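Participant: let me see the structure of the following:
(one chain, ligands or ions: 1)
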Amino acid sequence: MAKVEITKAELVWPGKYNEDGTLTEVPRVNLPFQVIETVNESRASRETKKNKGEMLFDVYEGKEGDTFEKGWKNKLIWGDNLLVMGSLLGKFAGKIDLIYIDPPFATGADFSFTTEIGEKGVELEKEQSAIEEKAYRDTWGQGMDSYLAMMSCRLSILRDLLSDTGSLYLHVDWHAGHYLKCLLDEVFGQERFRNQVIWWYYDKFPTGGNVLDRQHDFILQYAKSDKYTTNKVMEPRVQPGRPTEVRKKIDGKITRIIDPTTGGTTFVEGTTEKKISDVWRIPLINSMSDERVGYQTQKPETLLERVVAASSQRGDLVADFFCGSGTTLAVAEKLGRRWIGCDLGRWAIHVTRKRLLGIENCKPFEVLNLGKYERQYWQGVTFGKNGKTVTEQALYEYLAFILKLYGAQPVSGMAHLHGKKGKAMIHIGAVDAPVTISEIDVALDECVKCKQPELHILGWEWEMGLYDLMVEAAKKKGVKLRLLQIPREVMEQHAAAKGDVRFFELAYLEAKVEKPKKLTAQVVLKDFVIPNTELIPDEVRSKVKKWSDYIDYWAIDWDFQNDTFMQSWVAYRTRKERKLPLTSDTHMYDRPGRYRILVKVIDIFGNDTSQVFDVEVK
Ligand SMILES: C[S@@+](CC[C@H](N)C(=O)[O-])C[C@H]1O[C@@H](n2cnc3c(N)ncnc32)[C@H](O)[C@@H]1O
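Facilitator: Next up, the predicted model:
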């Protein structure tokens with residue numbers, strides 16, 4: 001290895017430098033975003049833009065202005081923040097006023113999300129009616145080395161996204177905080193360090209053991225330049241300050257002022273508030289608090305209120321690229337800031353969306369991802385030679401990789417069948433296109449030709465309306481068909497390495513559109529079947545009283561245009577409100593015509609199932 005030139009103290013780890021002594025390059029990719037859902041916005045208020053490509057969604061064009069008045073829409077982005085932040089650079093470099101991140105802390109543990117089932121709240125039937133799902137992994141192949149490599153490239157992109165008056169707040173604890181401070185010194189410059197805030201969660205239960213009880217995290221603040229936004233934030237005093245004597249300069253002499261009514265010295269009341277310091281005494285979220293959403297590493301809103309109030313103004317753009325349950329976004333929304341949030345977890349995105357919907361007068365926001373572009377990129381870097389072209393060999397490796405995760409073996413000499421698991425043949429969909437009806441048809445025909453009784457199709461996306469048609473078609477051909485979703489975790493190195501990847505079978509949804517009056521429509525859910533009930537612990541399954549207990553959320557786009565799902569009616573369960581209506585409100589159309597209604601259901605595992613209905617409204 002060539003000599004590495006070290007001119008000042010710095011933190012190094014294996015992989016930081018290349019063989020030739022140069023720094024490893026930070027991958028900065030620029031991929032197009034897709035808008036998969038818009039929330040709280042009416043279709044009429046949108047410009048008409050159509051994307052008639054193979055994908056089902058609009059591509060984000062970033063044409064809106066920088067204020068709510070000029071059409072700005074807040075953004076919740078589902079994906080790996082390395083690719084997401086890289087792809088935001090084009091439009092948002094130097095534009096974000098405040099970034100708070102609370103990344104995994106390198107604890108080596110997995111973190112969970114708890115969701116209740118059915119109509120009984122968690123308070124009533126703790127444990128028995130709740131399922132605990134893995135929300136994210138905080139395990140790193142090469143321990144601290146992999147963790148630092150992961151954080152270092154993200155911090156350098158974060159810095160470029162910050163505006164000149166912006167600050168980064170990085171929430172850490174004892175595991176890696178000291179290393180991350182060194183990294184930040186390198187990325188921002190030591191002179192840009194502003195504060196090390198101690199969050200003292202004084203009410204944490206003592207844990208015992210041989211070390212002093214840990215009762216604090218710390219938050220490192222770095223500013224992009226000397227001219228950073230900073231506001232005075234006040235907190236109540238534990239005890240009001242002592243009254244102080246009023247003094248004035250009279251004839252050049254400091255003189256006490258006499259109160260004419262008492263004849264004594266005049267006093268002013270002691271203050272009840274004081275400016276916050278860098279030690280924040282804030283309790284953990286109480287287990288019965290309305291704020292709690294079941295996300296294990298959720299932070300209190302009062303903590304984020306201080307960050308947002310201290311370092312941004314109304315209308316500023318605030319971002320959190322490890323947003324978890326969406327605490328930063330909820331606080332930014334309530335304090336009138338614009339926001340961008342990102343997380344790679346299905347649960348995180350679902351929980352955040354519900355949390356924001358629960359905020360009164362929440363402004364419209366969009367849910368985006370990098371869809372097929374993220375998958376193509378992953379396929380290129382994982383199986384391609386130069387990270388770009390996907391050769392036949394790379395394609396073969398991709399198929400073999402998915403088959404292995406699914407517990408199947410590759411087969412050769414078939415045109416449309418890629419593998420076999422027990423009695424079932426397997427077909428795997430491409431990363432960059434939805435599985436189509438004709439694609440399944442030819443795979444079914446090949447099964448018939450080879451006298452194979454069962455076919456499993458693994459896909460990333462699905463052509464609209466395929467489920468019912470294909471199940472029928474397969475029955476006629478005498479082949480048992482299962483359609484399974486390839487989960488996003490496949491692209492997460494650590495999840496895949498641990499075999500921590502579940503392929504959920506597509507759920508069956510039955511709904512009916514009714515037309516109670518002239519020009520109206522109403523949707524009634526009739527049935528919902530999750531084929532993978534074996535994934536639910538037995539004792540929980542026994543608590544499921546009816547099919548609707550598996551539904552956590554459902555929403556309707558009354559005028560779906562084969563692009564972005566525009567949520568115009570929604571119902572969902574919360575920790576407090578467990579009841580879920582199975583009949584929607586009645587929607588009134590402006591004029592008669594043919595409309596396409598899209599119904600989207602999210603189940604208790606966080607998976608989506610959609611169904612379209614073409615209706616004639618008179
Ligand atoms: C400690 S939690 C954040 C909790 C959050 N502050 C809250 O109040 O709910 C860290 C989050 O980072 C997310 N995460 C980890 N790696 C990520 C990545 N590469 N891209 C996006 N999100 C990531 C995890 O899914 C997890 O939700």
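Participant: what's the end-to-end length of stretch 91-108?
Facilitator: 35 Å (Cα to Cα, to the nearest Å).
Participant: does that stretch reach the ligand?
Facilitator: Yes. For a cut-off given as Cβ under 6 Å from any ligand atom, stretch 91-108 has contacts with the ligand, namely 102-104. Every C-beta, even on glycine, is put in place using the N, C-alpha and C of the backbone.
Participant: for the residues you listed, which one is nearest the ligand?
Facilitator: residue 102 (3.6 Å; Cβ to the nearest ligand atom).
Participant: scan this protein for its longest helix.
Facilitator: Secondary structure of the chain per DSSP state H: the longest helix is helix 144-161.
Participant: continuing past that helix, what's the next helix or strand?
Facilitator: The helix or strand immediately downstream of helix 144-161 is strand 162-172, counting by DSSP states H and E.
Participant: how far is that following strand from where the chain is centred?
Facilitator: Between the centre of strand 162-172 and the centre of its chain there are 20 Å (Cα atoms, centre = their mean, to the nearest Å).
Participant: what lines up beside that strand in the sheet?
Facilitator: In the sheet, strand 162-172 lines up against strand 96-101 (parallel), strand 216-223 (antiparallel) (DSSP bridges).
Participant: that strand: which residues count as buried?
Facilitator: Using 16 or more other Cβ atoms under 10 Å as the test for burial, strand 162-172 gives 162-163, 165-172.
Participant: got the CA coordinates for it in CSV?
Facilitator: Provided in CSV are the C-alpha atoms of strand 162-172 (Å, rounded to 0.1, in the frame of the first residue of the first chain):
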residue,chain,number,x,y,z
LEU,A,162,-26.9,22.3,4.3
SER,A,163,-27.4,26.0,3.6
ASP,A,164,-24.7,28.5,4.5
THR,A,165,-26.7,29.4,7.7
GLY,A,166,-27.6,25.8,8.4
SER,A,167,-26.7,23.4,11.3
LEU,A,168,-26.4,19.7,11.6
TYR,A,169,-27.5,18.0,14.9
LEU,A,170,-26.2,14.5,15.2
HIS,A,171,-27.7,12.4,18.0
VAL,A,172,-25.4,9.8,19.4
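Participant: and the stretch 201-350 of the chain, which of its residues are near the ligand?
Facilitator: Checking the stretch 201-350 of the chain against the ligand by Cβ under 6 Å from any ligand atom, the hits are 295, 297-299, 322, 324-325, 327, 342-345, 348.
Participant: need the residues of this structure near the ligand, please.
Facilitator: So far as Cβ under 6 Å from any ligand atom goes, the chain lies against the ligand at 80-81, 102-104, 135-136, 295, 297-299, 322, 324-325, 327, 342-345, 348.
Participant: need the contact list for residue 38.
Facilitator: Contact partners of residue 38, counting by Cβ atoms under 8 Å, 6 or more residues apart in numbering, are 46, 73, 364-367, 564-567.
Participant: give me the mean pLDDT for the helix or strand containing it.
Facilitator: When secondary structure is defined by DSSP H and E, residue 38 falls within strand 34-39. Averaged over strand 34-39, pLDDT sits at 93.
Participant: likewise for stretch 486-501?
Facilitator: Per-residue scores along stretch 486-501 average to 87.
Participant: just the buried residues of that stretch, please?
Facilitator: 486-492, 494-496, 500-501.
Participant: just to revisit the earlier point, adjacent strands (with direction) for whichever helix or strand comes after the strand holding residue 38?
Facilitator: Of the helices and strands lying after strand 34-39 in sequence (DSSP H and E), the nearest is strand 58-59. Paired neighbours of strand 58-59 in the sheet (DSSP bridges): strand 34-39 (antiparallel).
Participant: just the CA trace of the partner strand, in CSV.
Facilitator: The C-alpha coordinates for strand 34-39 follow below in CSV (Å, rounded to 0.1, in the frame of the first residue of the first chain):
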residue,chain,number,x,y,z
GLN,A,34,-40.9,8.6,-8.0
VAL,A,35,-44.0,10.0,-6.3
ILE,A,36,-45.8,7.0,-5.0
GLU,A,37,-48.5,8.8,-3.0
THR,A,38,-49.7,12.2,-2.2
VAL,A,39,-51.5,12.9,1.0
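Participant: pull out the buried residues from the helix or strand hosting residue 447.
Facilitator: Using DSSP H and E, residue 447 sits in helix 437-449. Buried residues in helix 437-449, counted by 16+ other Cβ under 10 Å: 439-441, 443-444, 446-447.
Participant: which one of the residues you listed is nearest to residue 17?
Facilitator: Residue 17 has its nearest neighbour among the buried residues of helix 437-449 in residue 439, at 46.0 Å by Cβ to Cβ.
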